[in-house]
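J.: from the sequence below, what's the structure:
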Amino acid sequence: MARAATGTRRPTGLRTTTARRPAGAKAAPRKGTRRAAPQKKKLGRRKRFATAIDIGHYSVKIATVAMDEAGTAVVQRATVQPLDLAAAAGEKEALYQAQVKALKAAIHSHGRLTGRIVLALPRDSTTIRYITLPSSHRDELKEMLFLDAERHIPFPVDNVEIDFEVLEKLGEHESRIMMISAPRAEIEPLLDICHEAGVNPEAVDVDILGACYAYMTNGKTDETKAIIDFGRESTRLGIVSNNRVLFSRSLSVSESRLLEGFPGAKTWSDLRTRLTAIGTLPPKDRAKVEQWIGDLYVDLMRSVSAFVCEHPGNRVDRIILCGGGPYLPSGPSDSLALRLQTKAVAEVPLDGEIPSDSSYQGPELAVAIGLALRALRKNGEAVNLLPRDIIAEQERKEQRAFFQSALLLGLLAVLFCGVGLYLKWEEKYTQLKELREQVKAIEPETKDLRFMQAKVDIVDSYLDRDHSCLRVLTTVLQALPDEPPHNVSLNRIIFKKRDTLTLEGLVRTSDDVTRVGDILLQLAAEPNKIFRSVSPGKHTERDTGIDGLKARDFTFECELEYKEYETEREKARPTISARSRSGR
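T.: Predicted coordinates:
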């Protein structure tokens, strides 16, 4: 392990979360403390969201992270809600109720849980194995892993949830994967807490993997970082390099183990009351802390040695402390750095760019922020240990919700169409009503006009324009010859409407009389039919008195063609006769 530089970096901040101090107490940060820095990043288009929930024995942490299409991530909201430690002491049921109460309060304070909801599962409840399989296709890897799962899991497979994550592809036909398994008995209590608080997680992931992911952007990418997450009941170790989790383990040394040596102490804030005027613990208390750090060092060295055996040639460049341990009075970072000869510091996730708040410093949110980041990965290979039956039930609920939404949208569309048609009809009806009122207003002025129009209509119904006197006479005169030697001289014309036309005249010969009859017969045929029939009268020869010139008198009586019509009384007569026959 690398040697520490002179003047080891101090912890970046004291733990001042409400989860670590008594109610109403204000913890003053140590001199030189660096809080969470204001966010400087701005997201681009197509933002995606994820929310992670970390339910601990000390507090409940919630973090919502947004990521744009370029991969830039920003913590939108973060919440730390302490448990009621007095109520949580004793039986497991009391702790369960305290966690439910704290989760409800955290959700109320945090607001809407946006995006995919991920629940943190403790590392000590899971089994993680690193396996190399002869395939590069995810479906084949899954099939191979599940067929050979019993060899890697120390408990019955039937009651275990298994998932995996591809770490790297070794050529075209081989992959290095991280297999993760957990008994359902360890997952279901956490899900029950969420369900009782009104939350339905969509995924379950391991807490130490989230902590590792939260610090991947801190420092150099190629350096090997050991992440130590101090928890109330256990301490987790994760080692990352080149944006990959290479090793993880749960350590037996925990915060509660140290607090047991100080009767009445429930939080790190209780231990701060034991500090002397110069900011150190009394010798007797300091010996207890040094003993705890020594046990942590031994357990940590065993885990690091196991990592070195699995990855020959690698060494830990620096140690990052998160969770509760970095804020122990006179913190363990200096002692660990001296023992491990490696830089050990407490840092804020995402290189310090998280929302500033007085209720937290940042390292305690590492698990929640990291799990939300893991859920936003584009490759869709995030670990999910949510029980399969719950996933199936969620899919069924989503399908039902989709069909219900589609049905609702259809009903709304029909409703909107109906409303639109009704409004259109109402508009037309209003216009018609206004027109009727306008007509009613000018009706007295149009009374005389309507009376005259009625008369005109009656006259027009009896008027026979196609067979008027003028048209009949014009047609006859145009048809008769008016030039010698066959010209016709008309002496008398008698027109009787809708009856007859009588022509009396003079021609030279009997052939001319016949010719006049033929012309009139042509006018009794289509298309210029003005006569129904033509009847010739007597024609006699007589002397004209002009040099012995003879002439013939003629008479023709033509029955006129006319338009048939019925009076109103004649039109009503068939209806009256029909009613009489029916007995009405």
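J.: for the helix ranked longest in the chain, packing partners?
T.: Under DSSP state H, the helix in the chain containing the largest number of residues is helix 388-442. Packing partners of helix 388-442 (3 or more CB pairs under 8 Å, 6 or more residues apart in numbering; DSSP states H and E): none among the helices and strands. The way it works is simple: take the backbone N, C-alpha and C, and place the C-beta from them, glycine included.
J.: alpha carbons of the helix or strand just after that helix, in PDB - could you do that?
T.: Next in sequence after helix 388-442, counting helices and strands by DSSP states H and E, comes helix 447-462. The C-alpha trace of helix 447-462 is given here as PDB (Å, rounded to 0.1, in the frame of the first residue of the first chain):
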ATOM      1  CA  LYS A 447     -96.900  41.700 -44.500                       C
ATOM      2  CA  ASP A 448     -98.000  43.600 -47.600                       C
ATOM      3  CA  LEU A 449     -95.100  42.100 -49.600                       C
ATOM      4  CA  ARG A 450     -96.100  38.600 -48.600                       C
ATOM      5  CA  PHE A 451     -99.700  39.400 -49.600                       C
ATOM      6  CA  MET A 452     -98.600  40.600 -53.000                       C
ATOM      7  CA  GLN A 453     -96.300  37.700 -53.400                       C
ATOM      8  CA  ALA A 454     -99.200  35.300 -52.700                       C
ATOM      9  CA  LYS A 455    -101.200  36.900 -55.500                       C
ATOM     10  CA  VAL A 456     -98.200  36.700 -57.900                       C
ATOM     11  CA  ASP A 457     -97.800  33.100 -57.000                       C
ATOM     12  CA  ILE A 458    -101.500  32.400 -57.800                       C
ATOM     13  CA  VAL A 459    -101.200  34.200 -61.100                       C
ATOM     14  CA  ASP A 460     -98.000  32.500 -62.000                       C
ATOM     15  CA  SER A 461     -99.500  29.100 -61.300                       C
ATOM     16  CA  TYR A 462    -102.200  29.800 -63.900                       C
END
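J.: could you pull up the mean pLDDT of the helix or strand just after helix 447-462?
T.: Heading C-terminal from helix 447-462, the first helix or strand you meet, by DSSP H and E, is helix 469-479. Mean per-residue pLDDT for helix 469-479: 89.
J.: what are the contacting residues of helix 469-479?
T.: With contact meaning CB atoms under 8 Å, 6 or more residues apart in numbering, helix 469-479 is reached by 465, 493, 495, 497, 501, 503, 519-520, 522-523, 528, 530, 560.
J.: and the buried ones among the residues you listed, selectable in ChimeraX?
T.: The buried residues among the contacts of helix 469-479 can be selected in ChimeraX (16 or more other CB atoms under 10 Å) with this line:
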select :495,501,503,519,520,523,530,560
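J.: okay if I get the contacts of helix 469-479 as TSV plus secondary structure?
T.: TSV is the format used below for the contacts of helix 469-479 (DSSP: H, G, I helix; E, B strand; the rest coil):
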residue	secondary structure
Arg465	helix
Ile493	strand
Phe495	strand
Lys497	coil
Leu501	strand
Leu503	strand
Ile519	helix
Leu520	helix
Gln522	helix
Leu523	coil
Asn528	coil
Ile530	coil
Leu560	strand
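J.: which residues sit in contact with the nearest residue to Leu95 once chain neighbours are set aside?
T.: Of all residues not flanking Leu95 in the chain, Ala88 sits nearest, at 4.6 Å (CB to CB, 6 or more residues apart in numbering). The contact partners of Ala88, taken as CB under 8 Å, 6+ apart, are 57, 94-95, 98-99.
J.: repeat that for His110.
T.: If you count contacts by CB under 8 Å, 6+ apart, His110 has them with 62, 64, 77, 79.
J.: ok, 6 Å please
T.: For His110, the contact set (CB atoms under 6 Å, 6 or more residues apart in numbering) comprises 62, 77, 79.
J.: excluding sequence neighbours, find me the nearest residue to it.
T.: His110 sits nearest to Thr79 (CB to CB, 6+ apart), 4.1 Å away.
J.: then Lys550?
T.: Nearest one to Lys550, counting by CB to CB, 6+ apart, is Glu541 at 5.8 Å.
J.: identify the residues contacting the helix or strand hosting the one you found?
T.: In this structure, Glu541 sits in strand 540-543 according to DSSP H and E. With contact meaning CB under 6 Å, 6+ apart, strand 540-543 is reached by 550, 552-553.
J.: hmm, which of those are the buried ones?
T.: For the contacts of strand 540-543, a burial check counting by 16+ other CB under 10 Å picks out 552-553.
J.: so what pLDDT did Ser234 get?
T.: pLDDT at Ser234 comes out at 85.
J.: just confirm Ala52 is within a strand.
T.: Yes - Ala52 sits within a strand when classified using three-state DSSP.
J.: wait, what's in contact with it?
T.: 63, 118, 368, 371-372.
J.: how about a cut-off of 8 Å?
T.: Counting by CB under 8 Å, 6+ apart, Ala52 touches 62-63, 65, 117-120, 205, 210, 367-372, 375.
J.: so where's this structure shaky on pLDDT?
T.: 1-42, 44, 90, 264, 267-281, 325-338, 378-381, 462, 565-584 (pLDDT under 70).
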